[in-house]
Structure formats: C-alpha cells, structure tokens
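Engineer: 3D model of this:
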Amino acid sequence: MTSIAINNVIHSPALYYPILNNCLRYALRALNKIILSTIMIVTLLASGSSYLLSSNAYAASTTSQGCTVVSIDNQIQLQKSDFSAVPAYPLAESSSAYLSLLQNSSVQSIGATGIWKFDMNTCSASLASINVVFSFVSSTGVNQYLYVGENANASQVLGSTLQTAVGATNSVTWSGYEYYVSSGVNYVEADWGLPSASAPSTGCSTNNECILLDWTGGSIGAGGASGLAQGGSGDTVVCPSSSCTSYYTDYFAWYEFYGVSCGQPGCGVSGLVNCTANQFMTVSSGDDIENYIDYTPSNSTMNEYVNDLTDGYSCTNLIYIHDGAVTMNQPYYGQFIAERPEIGTSGSYYSLPDFQTTVIADAYVDGSQINNLSPSSTYNMVNSGNTNINLGSVNYNTYIGAYFDETWSTSSGT
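Structural biologist: Okay, here's the model as predicted:
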C-alpha cells in the first residue's frame with residue numbers, strides 16, 4: 001500500500017521522549033533479553049541464510065568470561081554449514097504426516113529452522129533440534145503448513161503439527177499477517193533487526209532500484225484500505241543499471257499515513273516520510289527497530305512512533321502536528337508486513353532485493369501477543385508464479401515474545 005515519493009525532512013537530534021515515556025516497558029524487555037544463563041536462538045537456514053534474533057538487543061550482554069552475543073553469532077555461523085548438510089528434508093518427506101498430505105495436496109518446501117541452545121557460562125552453542133516447514137495447497141484451495149520436528153542430527157522425526165492458514169491471500173506486494181478487532185484497533189507494536197540487503201541475481205529492473213519495507217500498522221479497512229497508519233524500516237539497493245553488476249545499499253526509517261487527509265508530510269498519497277534524512281536518525285543493518293501506532297478513540301487521533309532501540313533515537317509525527325496527532329477514523333485491522341512498495345501512484349512496484357531473514361518479534365495488537373490471536377488474513381508475496389518471501393508461522397518465545405520470520409526466496413517476477 002505504501003507509495004514511494006520520499007519526503008526528506010530534518011529531525012531533532014534528541015527525540016528521546018517516546019522512549020522515555022516507555023522506559024519501564026523497555027527496561028523490562030531488556031531484562032528478559034540480556035544476561036541470561038541459557039538462551040534459545042532461532043536461526044533460519046533456508047537458502048543458506050542465517051539471522052540472530054534481535055541480536056542488537058543482546059549487544060550489551062556479557063559475563064565474567066567475556067561471552068557476548070558476537071560469540072553466539074560467530075559460533076552459529078561456523079556451525080550452520082554442517083546443519084545445512086544434514087539430510088533434514090529427506091527425513092521430513094518420509095514422515096507419515098507428509099506422505100498423507102501429499103495424496104490430496106501439492107507441496108512447496110519453505111525451509112528448515114534450527115533451534116540453537118547457548119550456554120553463557122561455557123560460551124558454547126549447540127543445535128538442539130530442527131523444524132522443517134512445508135506449505136501445502138489442497139485440491140480445494142485450502143492452504144496448510146506442516147511442521148516436522150527432528151532431532152539435531154536429522155535421524156529421527158520427533159513429531160509434526162499441521163496448521164491451516166486462515167485467509168491466505170497471494171499478493172504481488174505484501175507478505176505477512178493482518179488481524180481484525182471488532183471493537184477497533186488502538187495499539188500495534190513489534191520490533192525486528194533491520195535486515196541487510198543485496199542485489200538479487202535477477203537485478204533491479206524497476207528504476208534500477210530494489211526496495212524492501214518492513215512495517216507495522218493499523219488500517220480502517222482490510223488490506224490497508226480506507227486509511228492506513230504505518231511505519232518501520234527500509235532497505236534500498238541502488239544499481240547503476242538494471243543488471244546490478246555493482247550496487248550500494250541504503251537503510252532508512254520511515255512512517256506514513258496512507259490515504260489519510262491531514263495536510264502534513266506523509267499523509268494522503270504524498271509519499272512516506274524518510275526519518276533518515278540526516279545523521280541524527282541514521283540507521284544501520286542489524287539495528288533493533290521498533291514501530292508502534294497509538295490510536296486515541298476519544299478524539300480520533302493517531303500517533304506514529306519509529307524507534308531505533310540500538311541508538312536510542314525516535315522519529316514521530318509529533319514533530320509536525322502541534323495538537324499531537326493525526327486525525328483519523330478508528331482502525332479495525334493491525335498489520336505486520338514486509339512489502340515491495342508502489343512507485344508513486346503508478347500501479348507499478350519496485351523489484352524485491354535479496355535480504356537477510358527478518359524476525360518480527362514482540363508483536364502485539366491491543367496488548368495481546370499475536371500468538372494468542374487468529375489472523376484475519378495471511379499475505380503471501382507471489383509474482384508470476386514465484387513465491388518471493390517464505391512466511392514463517394507465528395510462534396512464542398520467552399525472551400522475544402510472539403514472533404514470526406520472513407525469509408527471502410527469489411526476486412523473480414518482481
């Protein structure tokens with residue numbers, strides 16, 4: 001839904017007040033994330049990708065032995081090649097659950113998820129188990145996900161779980177989850193590590209740029225219709241030509257009130273507000289980005305906050321709106337989306353870059369973690385028959401709350 005016609009604006013170097021207003025919440029979150037004797041880390045290894053969950057949120061974590069999150073990541077990087085060589089797929093494909101579904105459904109392999117156990121006392125990492133995830137589409141069009149759990153050396157199936165994808169919809173531009181609240185959505189929040197991006201082998205044919213936006217938001221209608229407040233992070237791969245034999249990558253934070261008339265930057269279809277217009281809101285790949293929207297029904301106002309929890313800076317619409325918010329009708333849908341955006345209002349879209357697996361964590365709608373909610377729609381990014389992003393299921397982890405992952409598959413068709 002996002003239209004790219006970027007508004008570059010200057011921000012104060014000390015926009016700390018959204019973070020200060022929520023310092024207790026951040027402090028409690030930090031206590032759950034750092035100085036833990038044992039933590040479980042999930043790394044997605046489909047297509048050889050690996051990403052440490054909320055890695056920067058752990059950056060200050062140390063022990064007397066000097067063990068840090070860098071040590072964790074390094075050990076997993078060294079071991080992931082061994083994991084990739086493990087015959088996890090053939091074992092999962094021989095399971096009774098897989099063979100039973102295969103009789104009446106077509107299948108596409110999504111990927112393998114490694115559950116890593118890390119001991120801070122010994123500063124050692126080990127693979128605890130493996131989950132292989134398949135998506136099935138039945139002859140009647142029902143979308144289902146099969147999760148096959150295996151032991152660490154992929155020699156034994158431990159069990160399987162089958163989930164039906166509620167409201168699964170193919171989209172040329174979106175990948176992610178949407179939640180409907182009949183009484184209205186007042187609050188949507190999540191955070192994630194800003195993924196690194198690179199040029200895909202198919203190049204960036206649209207304006208010689210590939211763009212990925214990760215965001216949370218709230219809209220009046222389904223699919224972002226009738227007014228959408230959204231914000232998050234962006235990755236832009238810029239090439240001298242469509243073939244992208246060389247390129248550079250730009251990272252930014254942003255927000256937008258799409259389809260909302262408020263006479264301010266980022267409203268209507270004027271394009272998103274780029275919070276990274278100068279050095280004061282510079283973001284980098286790996287930074288812990290948080291976005292949340294806050295709607296006040298009593299006066300129909302919407303606030304939008306984009307925070308870099310790594311550097312401590314914030315970007316918000318409050319810098320523009322003297323009365324503190326944008327006036328907007330009550331939203332009923334909360335979204336958690338990865339998107340390749342539209343070029344202005346042209347009806348054409350930017351190509352999708354190759355990007356590091358992204359884990360959307362601490363995901364809430366109105367105070368409820370999304371693992372306790374049922375999505376009203378699930379969006380799968382598909383172009384010219386190609387599934388561009390593999391969408392992970394929603395799960396829960398003690399340290400990062402409700403989460404799901406987005407794994408790049410191919411940019412073909414985009």
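Engineer: strands of the stretch 51-200 of the chain, residue ranges please.
Structural biologist: Secondary structure of the stretch 51-200 of the chain by DSSP state E, counting those that start in this stretch: the strands cover 105-119, 124-138, 143-151, 157-164, 168-171, 174-180, 187-193, 197-198.
Engineer: surely residue 198 meets residue 352?
Structural biologist: No. Residue 198 is beyond contact range of residue 352, at 11.5 Å (criterion: Cβ atoms under 8 Å). To be clear about C-beta, it is placed using only N, CA and C from the backbone, and glycine gets the same treatment.
Engineer: of those two, which one has the most company?
Structural biologist: Between residue 198 and residue 352, counted using other Cβ atoms under 10 Å, residue 352 has the larger neighbour count: 33 against 16.
Engineer: which residues touch the more buried one?
Structural biologist: Applying Cβ atoms under 8 Å, 6 or more residues apart in numbering to residue 352 gives the contacts 200, 210, 212, 340, 381, 388-389, 408, 411, 414.
Engineer: turn the strands of the stretch 51-200 of the chain into CSV, including mean pLDDT and distance to residue 240.
Structural biologist: CSV is the format used below for the strands of the stretch 51-200 of the chain (pLDDT from 0 to 100; distance: least, Cβ to Cβ, whole Å):
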stretch, mean pLDDT, distance to residue 240
strand 105-119, 65, 33
strand 124-138, 74, 37
strand 143-151, 77, 40
strand 157-164, 77, 44
strand 168-171, 81, 30
strand 174-180, 95, 28
strand 187-193, 95, 29
strand 197-198, 96, 15
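Engineer: right, and those - which one's nearest residue 286?
Structural biologist: strand 187-193 (5.6 Å; Cβ to Cβ).
Engineer: which strands and helices sit next to that closest one?
Structural biologist: strand 209-219, strand 288-296, strand 333-339, strand 358-365 (3 or more Cβ pairs under 8 Å, 6 or more residues apart in numbering; DSSP states H and E).
Engineer: report the inter-axis angle for that strand versus strand 174-180.
Structural biologist: 150 degrees (axes from the mean of the first three to the mean of the last three Cα atoms, to 10 degrees).
Engineer: okay if I get the helices and strands packed on strand 187-193 as CSV plus mean neighbour count?
Structural biologist: Converted to CSV, the helices and strands packed on strand 187-193 look like this (neighbours: other Cβ atoms under 10 Å):
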stretch, mean neighbour count
strand 209-219, 27
strand 288-296, 22
strand 333-339, 28
strand 358-365, 25
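Engineer: next, format these as CSV and append distance to residue 185 and mean pLDDT.
Structural biologist: What follows is these, written out as CSV (distance: least, Cβ to Cβ, whole Å; pLDDT from 0 to 100):
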stretch, distance to residue 185, mean pLDDT
strand 209-219, 5, 96
strand 288-296, 7, 92
strand 333-339, 5, 97
strand 358-365, 6, 94
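Engineer: now those strands in JSON lines, with distance to residue 152?
Structural biologist: Shown next, in JSON lines, are the helices and strands packed on strand 187-193 (distance: least, Cβ to Cβ, whole Å):
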{"stretch": "strand 209-219", "distance to residue 152": "31"}
{"stretch": "strand 288-296", "distance to residue 152": "29"}
{"stretch": "strand 333-339", "distance to residue 152": "30"}
{"stretch": "strand 358-365", "distance to residue 152": "21"}
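Engineer: quick one, what contacts residue 370?
Structural biologist: So residue 370 contacts 177, 179, 336, 363-364, 394, 402 (Cβ under 8 Å, 6+ apart).
Engineer: any idea how far residue 355 is from it?
Structural biologist: Here residue 370 is placed at a distance of 22 Å from residue 355 (Cβ to Cβ, to the nearest Å).
Engineer: next one: residue 230 relative to residue 238, how far apart?
Structural biologist: Residue 230 is 23 Å from residue 238, by Cβ to Cβ.
Engineer: ditto for residue 395
Structural biologist: For residue 395 relative to residue 238 (Cβ to Cβ), the value is 35 Å.
Engineer: ditto for residue 337
Structural biologist: Residue 337 is 23 Å from residue 238, by Cβ to Cβ.
Engineer: could you list the domains of the chain?
Structural biologist: 3-26+167-408, 34-164 (automatic domain parsing).
Engineer: could you list the low-pLDDT ranges of the stretch 301-414 of the chain?
Structural biologist: 318-325 (pLDDT under 70).
Engineer: give me that answer again for 50
Structural biologist: Along the stretch 301-414 of the chain, segments meeting pLDDT under 50 span 319-324.
Engineer: kindly report the same for the stretch 1-150 of the chain.
Structural biologist: Using pLDDT under 50, the stretch 1-150 of the chain drops low at 5-65, 69-70.
Engineer: let's go with 90 and repeat that
Structural biologist: The model of the stretch 1-150 of the chain has pLDDT under 90 over residues 1-93, 97-150.
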